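Engineer: this one's sequence-less:
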């Protein structure tokens with residue numbers, strides 16, 4: 001097991017494994033309404049069984065090298081996470097994403113955590129393109145994409161059915177050469 005410091009404020013990034021299903025469920029419960037404004041994670045994680053199944057699906061993705069999930073801990077509490085919803089090593093692409101309960105908002109936790117996993121994907125796994133797909137209404141997540149130096153590729157108009165509505169989804173991305181150049185400039 002590893003824990004990666006996300007700065008000097010005590011926040012950490014750790015793998016989010018199936019045995020943490022209870023902790024993950026508690027995180028979702030604390031932020032259910034807030035998280036569910038833009039993503040379906042709270043609809044998928046409703047009890048201990050579904051929490052475990054969700055994390056097991058990512059353990060299976062990790063074993064197949066097709067996805068990963070990591071938790072963000074602040075003050076020893078799981079407050080959110082980042083993930084690679086998909087990873088395709090043959091094509092060199094991955095889709096990153098995140099969730100955060102209200103207690104973690106405004107601290108830069110998602111941006112810091114996403115930098116760690118994107119660095120890993122680009123430098124260790126040879127990913128060439130990392131995407132961030134987000135509802136056009138999700139201003140905080142769009143702000144993360146901007147802070148990560150991503151470019152807005154376009155909008156998929158009314159492409160995503162969500163809770164009785166069709167959402168416009170924005171696709172943001174960063175290419176490995178852009179990522180490396182930005183990291184060198186820091």
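Structural biologist: Looks like it arrived, so ask away. Since we're looking at a predicted model, the values are computed, not measured.
Engineer: any chance you could map the helices in the chain?
Structural biologist: Using DSSP state H, the helices of the chain run over residues 21-35, 41-44, 48-64, 109-123, 139-147, 176-185.
Engineer: Ranking those by mean neighbour count, which comes first?
Structural biologist: Comparing the helices of the chain by mean neighbour count (mean count of other Cβ atoms under 10 Å), helix 109-123 ranks first with a mean of 20. For glycine as for every other residue, the C-beta is placed from the backbone atoms N, C-alpha and C.
Engineer: now that helix: mean pLDDT?
Structural biologist: Throughout helix 109-123, pLDDT has a mean value of 97.
Engineer: and the angle from it to helix 176-185?
Structural biologist: Angle of helix 109-123 versus helix 176-185, following axes from the mean of the first three to the mean of the last three Cα atoms, to 10 degrees, is 120 degrees.
Engineer: Now do helix 109-123: which elements does it pack against?
Structural biologist: In terms of contacts (3 or more Cβ pairs under 8 Å, 6 or more residues apart in numbering; DSSP states H and E), helix 109-123 is packed against strand 12-15, strand 68-74, strand 77-88, strand 93-100, strand 129-135, helix 139-147, helix 176-185.
Engineer: neighbouring contacts of it?
Structural biologist: Residues outside helix 109-123 that contact it (Cβ atoms under 8 Å, 6 or more residues apart in numbering) are 4, 6-7, 11, 13, 68, 70, 72, 74, 79-84, 87, 94, 96, 98, 100, 104, 127-128, 130, 144, 147-148, 174, 176, 179-180, 183.
Engineer: Apply 7 Å and report the result again.
Structural biologist: With Cβ atoms under 7 Å, 6 or more residues apart in numbering as the test, helix 109-123 has contacts from 4, 6-7, 11, 13, 70, 72, 74, 79-80, 82, 84, 94, 96, 98, 100, 127, 130, 144, 147-148, 176, 179.
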